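Trainee: Provided below are the primary sequence and the corresponding predicted coordinates.
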Amino acid sequence: MAVSERALVGSILGTAVGDALGLPYEGLSKRRAARLLGPPTRYRLLPGRGMISDDTEHACMTMQALTASGDDVETFARQLAKRLRLWLLAVPAGAGLATLKATTRLCFGVPPHRSGVFSAGNGPAMRSAVLGTAIDDLDLLQKFVRASTRITHTDPQAEHGALAVALAARWAADGLPISPGELAAELQSLLPDENAQRFHKLIGQAVESAARGDSAETFAAMLGLERGVSGYVYHTVPVALQVWFRRPTELPEAVVEVVRCGGDTDSTAAIVGGIIGGASGKDGIPADWLSRLWEWPRTVAWMEQLACRLYEARSRRTPLRPPTLPAWGVLPRNACFAAVVLGHGLRRVLPPY
């Protein structure tokens, strides 16, 4: 696999649009989401506009850390830890509890190899698609996924899910026809320990479900997730992969389909968008979705610049200085985002129920 600038741009932008599309539906059941917001075919956080959450922010920080570290895993961990500290100090409006605990530990001087907490949330999975898109060496990819995971989550299940997403993104970016069975077999060879057997069974079920042509909602119901896909990585990742197996280049359709499942919609859609974006590139993302992202200073243009800088670093096999964000821009943006989220939350208490 050769690292592709097109795939890197597509992956980060696919993450962003999936995140923004799914964010208003987060935590709602399928029935309530449909009645309250309507179909997830356009942004609904603001009238006709979308904003990103921690899913995209973490993917961007991962890209920055990878740009600045080259192939040095320890440097990558330190770079990601530094950015996580700054992210927390900028008062983000929302994040997973495990990530907040781990990042707080980082702020108090705990080193990145000891900062993680025991959790199987999907935080590491939501930032691993960009790793799979950027790193062509499989052994090196495993090391980076492990470092990225353990900085916040130490439960092996979190690493299993993150590696599966990274591997899927690597396949997608390679541009070859998708073989779900071969991917499942490769994942099993990378995770041969007994602790991963339940995960392999779930991925096998995703392969079989995709072969039957089941919808994401049907597969989620098979897993007991009728009300929505939870933030537990063994729920999120199999559903995301099942959608990708069936729609390997159809980013808009795949993202909409997974949001319709309900639950942790911003993370599942961000993961699906990050994987498929590596195959479809920016051209596979509706222009309207990109132009209606209401974001600054983390704009679409800035994310493209970041992806291009990472491509340059990976091509030259040397660390480079990544694009950064001004603190004076991030703080007011986060305050504005918090106000928007609060307003959206208040809207949820009103009918229709």
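Mentor: Alright, I've got the coordinates.

Trainee: only C-alpha atoms for contact and neighbour calcs from this point on.
Mentor: Noted.

Trainee: Now for Ala34, how many residues are close by?
Mentor: When counting by other CA atoms under 10 Å, one arrives at 17 neighbours for Ala34.

Trainee: Return the per-residue confidence for it.
Mentor: Model confidence at Ala34, given as pLDDT, is 89.

Trainee: where does it land in three-state SS?
Mentor: Under DSSP: H, G, I helix; E, B strand; the rest coil, the three-state class of Ala34 is helix.

Trainee: do you know how far it is from Leu28?
Mentor: From Ala34 across to Leu28, the span is 9 Å (CA to CA, to the nearest Å).

Trainee: ok, for Val3, nearest residue in space, not its chain neighbours?
Mentor: Distances taken as CA to CA, 6 or more residues apart in numbering place Ala134 nearest to Val3, at 5.8 Å, with adjacent residues excluded.

Trainee: Got phi/psi on that neighbour?
Mentor: Torsion angles at Ala134 (phi, psi; degrees, to the nearest 10) stand at phi -100, psi -20.

Trainee: The one 3 residues further on too?
Mentor: Note on Asp137: its backbone torsions stand at phi -80, psi 120 [degrees, to the nearest 10].

Trainee: Just to check, Leu106 is in contact with Leu100?
Mentor: No - in this structure Leu106 lies outside contact range of Leu100 using CA atoms under 8 Å: 9.8 Å.

Trainee: okay, those two: which has more neighbours?
Mentor: The residue with more neighbours, out of Leu106 and Leu100, is Leu106; 23 against 17, by other CA under 10 Å.

Trainee: Helix or strand for the more buried one, just tell me which one.
Mentor: helix 97-107 (DSSP states H and E).

Trainee: What's the first helix or strand after that helix?
Mentor: Sequence order places helix 123-126 as the next helix or strand after helix 97-107, per DSSP H and E.

Trainee: So which residues make contact with the helix or strand of the chain with the lowest mean pLDDT?
Mentor: The helix or strand of the chain with the lowest confidence, counting by mean pLDDT, DSSP states H and E, is helix 30-37 at a mean of 90. Outside helix 30-37, the residues within contact range by CA atoms under 8 Å, 6 or more residues apart in numbering are 25, 44, 227-228, 260-263, 348, 351-353.

Trainee: Show me which of the residues you listed are buried.
Mentor: Among those, those scoring as buried are 25, 44, 227-228, 260-263, 348 (criterion: 16 or more other CA atoms under 10 Å).

Trainee: At which residues are the helices of the stretch 251-353 of the chain located?
Mentor: Assigned by DSSP state H, counting those that start in this stretch, the stretch 251-353 of the chain shows helices spanning 251-259, 265-280, 287-291, 300-316, 327-348.

Trainee: need the least confident one among those, by mean pLDDT.
Mentor: Mean pLDDT values for the helices of the stretch 251-353 of the chain show the minimum at helix 327-348, a mean of 92.

Trainee: List the contacts of that one.
Mentor: Identification of contacts with helix 327-348 by CA under 8 Å, 6+ apart yields 24, 36, 45-46, 51, 90-93, 296-297.

Trainee: give me that answer again for 6 Å
Mentor: Helix 327-348 is contacted by residues 90, 92-93 when judged by CA atoms under 6 Å, 6 or more residues apart in numbering.

Trainee: Now that helix: buried residues?
Mentor: For helix 327-348, using 16+ other CA under 10 Å, the buried residues are 330-331, 333-334, 337-338, 340-341, 348.

Trainee: Nearest to the spatial middle of the protein, which residue is it?
Mentor: The residue lying closest to the centre of the chain (CA atoms, centre = their mean) is Met126, at 2.6 Å.

Trainee: Quick check: the residue nearest to that one when sequence neighbours are not counted vs Ala129, distance?
Mentor: Residue nearest to Met126 in three dimensions, not counting chain neighbours: Ile271, with 5.4 Å by CA to CA, 6+ apart. Ile271 is 7 Å from Ala129, where distance means CA to CA.

Trainee: And for Ser179?
Mentor: To Ala129, Ser179 is 18 Å away according to CA to CA.

Trainee: Looking at these two, which one has more neighbours?
Mentor: Shown here are Ser179 and Ala129; by other CA under 10 Å, Ala129 has more neighbours (37 against 11).

Trainee: check contacts around that one.
Mentor: 165-166, 169, 274-275.

Trainee: still on that earlier bit, and which of the contacts of helix 327-348 is nearest Ser4?
Mentor: Pro92 (31.2 Å; CA to CA).

Trainee: next one: phi and psi at the closest one?
Mentor: Reported as degrees, to the nearest 10, the phi and psi values for Pro92 are phi -70, psi 150.

Trainee: And for Gly70?
Mentor: When quoted as degrees, to the nearest 10, the phi and psi of Gly70 stand at phi 60, psi -130.

Trainee: Give the burial count for it, as a bare number.
Mentor: Number of residues near Gly70 (other CA under 10 Å) recorded here: 18.

Trainee: Kind regards, and thank you for your time.
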